[in-house]
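S.K.: pasting the sequence and the predicted model now:
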Amino acid sequence: MPQIVLYQTDIAQNVGSILRMAVCFGVPVHLIEPMGFVWDDSKFKRSGMDYIDRANITRHNSWQHFMDNKGEGRLVALTTKGSTPLPNFTFADDDYLLFGRESAGLPDSVHQQCDERVIIPMQKGERSLNIAQSCAIVTYQSLYA
């Protein structure tokens with residue numbers, strides 16, 4: 001089963017939406033702190049609805065804590081700096097699907113620790129998709145393609 005990893009995410013509503021999607025697909029989620037919102041934010045709870053209580057969530061107080069405790073699977077960064085287009089990438093069952101901050105993406109130090117860097121193809125000149133949309137596209141692809 002792939003696992004979702006959110007690196008220092010900024011927006012409560014995105015995390016709530018991702019957790020709801022993760023519950024529907026049965027996928028665990030790792031949250032790397034610090035996050036840009038308070039855990040009990042009402043926007044977070046509203047977007048995740050009653051799904052949050054059923055989500056398989058592991059919170060990590062730092063990137064290093066996550067790295068020290070993750071399993072053997074590949075670390076697959078989903079990034080606009082990726083070199084492999086999503087349709088050309090083959091996922092493994094134990095991949096960790098890593099998504100960066102909405103405001104800044106992943107720092108270079110994190111990129112360097114990733115096994116793979118995958119990009120979702122978009123129209124030329126567009127900056128990026130919403131993280132919740134990207135996460136849903138990639139999670140579905142990793143499970144069913």
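M.R.: Perfect, I can see it now. Numbers count the residues shown, from 1 in each chain.
S.K.: what sits against the closest residue to residue 103 other than its chain neighbours?
M.R.: Ranked by CB to CB, 6 or more residues apart in numbering and with sequence neighbours excluded, the top spatial neighbour of residue 103 is residue 10, at 5.1 Å. No exception for glycine: its C-beta is placed from N, CA and C like everyone else's. Listed by CB atoms under 8 Å, 6 or more residues apart in numbering, the contact partners of residue 10 are 35-37, 101-103.
S.K.: what about this protein, any weak spots by pLDDT?
M.R.: 41, 43-48 (pLDDT under 70).
S.K.: now the strands for it?
M.R.: 3-7, 29-32, 57-60, 75-78, 84-85, 96-99, 116-119 (DSSP state E).
S.K.: how about a markdown table for those strands, with distance to residue 143 added?
M.R.: Converted to a markdown table, these look like this (distance: least, CB to CB, whole Å):
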| stretch | distance to residue 143 |
| --- | --- |
| strand 3-7 | 11 |
| strand 29-32 | 14 |
| strand 57-60 | 18 |
| strand 75-78 | 13 |
| strand 84-85 | 18 |
| strand 96-99 | 10 |
| strand 116-119 | 15 |
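S.K.: can you redo these as TSV with mean neighbour count?
M.R.: Listed next are those as TSV, based on neighbours: other CB atoms under 10 Å:
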stretch	mean neighbour count
strand 3-7	23
strand 29-32	22
strand 57-60	16
strand 75-78	24
strand 84-85	12
strand 96-99	24
strand 116-119	20
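S.K.: dump stretch 10-26 to CSV, keeping only the CA atoms.
M.R.: Taking Å, rounded to 0.1, in the frame of the first residue of the first chain, the C-alpha atoms of stretch 10-26 are listed here in CSV:
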residue,chain,number,x,y,z
ASP,A,10,0.5,25.3,4.7
ILE,A,11,-3.3,25.1,4.2
ALA,A,12,-5.7,23.4,6.6
GLN,A,13,-8.4,22.8,4.0
ASN,A,14,-6.0,20.9,1.7
VAL,A,15,-5.0,18.6,4.5
GLY,A,16,-8.6,18.0,5.4
SER,A,17,-9.4,17.1,1.8
ILE,A,18,-6.4,14.9,1.5
LEU,A,19,-7.3,13.0,4.7
ARG,A,20,-10.8,12.5,3.4
MET,A,21,-9.5,11.1,0.1
ALA,A,22,-7.0,8.9,2.0
VAL,A,23,-9.8,7.3,4.1
CYS,A,24,-11.8,6.6,1.0
PHE,A,25,-8.8,4.8,-0.6
GLY,A,26,-7.5,3.2,2.6
